[in-house]
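K.L.:
dropping the sequence and predicted coords here.
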Amino acid sequence: MVDARDYQTSKVKFLAKRVISLVLRPFRQPILRSFDRLMKRYRHHNTERICSLCSQYSFEKQVMPKTVYGTPTAHRFEDTELYLPENPEAYLTTLFGEDYMTVPPVEKRRSGFDIYVKLEDQ
């Protein structure tokens, strides 16, 4: 495996995230159950707008008309089945703008994601 992370982000920041991750590891399941209960608390309320609480994007971007999410539909992506919003185009437009299919120039791309690439035997 090769770590393809963008190392231009601070090594201190990476180390801090790693330490926090290790400290919280024993509490992972209780934290996830707590988040799950919180997200389900208002599921029966009648509302026109909803928000995904488990996202890297801001609250302002995530609040969308309920019709965007609609009834999630399972779609296969390579060897994984994922649930997508009923209206994926509206979802992507809300998060990324009208030109969401255009790859941004290198200098405007987000970095800092943990990406690991499995290399074939060399």
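P.N.:
Arrived safely, thanks for sending. Numbers count the residues shown, from 1 in each chain.
K.L.:
tell me which residues touch Leu32, please.
P.N.:
By Cβ atoms under 8 Å, 6 or more residues apart in numbering, no residues touch Leu32. For glycine as for every other residue, the C-beta is placed from the backbone atoms N, C-alpha and C.
K.L.:
mean confidence for the one helix or strand it maps to?
P.N.:
Assigned by DSSP states H and E, Leu32 belongs to helix 28-40. Averaged across helix 28-40, pLDDT comes to 86.
K.L.:
what's the end-to-end length of stretch 52-59?
P.N.:
Start-to-end span of stretch 52-59 (Cα to Cα, to the nearest Å) is 8 Å.
K.L.:
centre of the chain to it, how far?
P.N.:
Computed by Cα atoms, centre = their mean, to the nearest Å, the chain-centroid distance of stretch 52-59 equals 7 Å.
K.L.:
ok, stretch 66-74 next?
P.N.:
Distance of stretch 66-74 from the chain centroid (Cα atoms, centre = their mean) equals 17 Å.
K.L.:
same check on stretch 80-98?
P.N.:
Distance of stretch 80-98 from its chain centroid, counting by Cα atoms, centre = their mean, is 12 Å.
K.L.:
tell me how many other residues crowd Asn87.
P.N.:
16 (other Cβ atoms under 10 Å).
K.L.:
do I have it right that it meets Thr71?
P.N.:
No - applying Cβ atoms under 8 Å as the test, Asn87 and Thr71 come out as separate, 10.3 Å apart.
K.L.:
pLDDT-wise, which helix or strand of this structure ranks last?
P.N.:
strand 2-3 (a mean of 44; mean pLDDT, DSSP states H and E).
K.L.:
quick one, the helix or strand just after that one and helix 28-40 angle?
P.N.:
Using DSSP H and E, the next helix or strand after strand 2-3 towards the C-terminus is helix 11-24. Helix 11-24 and helix 28-40 are oriented at 90 degrees to each other (axes from the mean of the first three to the mean of the last three Cα atoms, to 10 degrees).
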